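Chemist: take a look and give me a structure for this.
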Amino acid sequence: MGIRTPLEKSDLTYSGNEIQILDDDDAQYAHLDPGQYCGSLYKIFASKRGALKKVGEWNHYDITVAGPPF
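Modeler: Numbering: from 1, shown residues only. Here you go, the predicted structure:
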């Protein structure tokens with residue numbers, strides 16, 4: 001999910017911030033860096049591990065964006 005991205009069409013990966021949404025327990029994600037796991041602000045701020053519900057159950061985010069973009 002992208003946040004703080006420009007409204008015009010651009011490469012969102014490099015022009016904004018990304019919040020990771022994925023299944024941390026899936027084998028394909030076994031060797032991620034801490035800032036790549038679900039809930040992390042991609043490679044900037046790592047989320048707390050072990051708080052996710054099992055696949056098929058609902059998780060939720062509370063995201064507050066304050067101040068100017070960095």
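Chemist: where in this protein is pLDDT low?
Modeler: 1, 9-10, 12-13, 69-70 (pLDDT under 70).
Chemist: where exactly do the strands run in the chain?
Modeler: 2-3, 17-18 (DSSP state E).
Chemist: possible to save the ones you listed as JSON lines with mean neighbour count?
Modeler: (Glycine included, C-beta is placed from N, CA and C.) Converted to JSON lines, the strands of the chain look like this (neighbours: other C-beta atoms under 10 Å):
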{"stretch": "strand 2-3", "mean neighbour count": "13"}
{"stretch": "strand 17-18", "mean neighbour count": "18"}
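Chemist: could you dump the ones you listed into CSV with distance to residue 38 added?
Modeler: Below are these laid out as CSV (distance: least, C-beta to C-beta, whole Å):
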stretch, distance to residue 38
strand 2-3, 15
strand 17-18, 12
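Chemist: show me the contacts for residue 38.
Modeler: 20-24, 47, 52, 59 (C-beta atoms under 8 Å, 6 or more residues apart in numbering).
Chemist: nearest to residue 36, of those?
Modeler: Nearest to residue 36 out of those is residue 20 (C-beta to C-beta; 6.1 Å).
Chemist: from residue 68, how far out is the nearest residue to residue 51 once chain neighbours are set aside?
Modeler: Closest residue to residue 51 apart from its sequence neighbours, by C-beta to C-beta, 6 or more residues apart in numbering: residue 39 at 7.6 Å. Separation of residue 39 from residue 68 (C-beta to C-beta, to the nearest Å): 23 Å.
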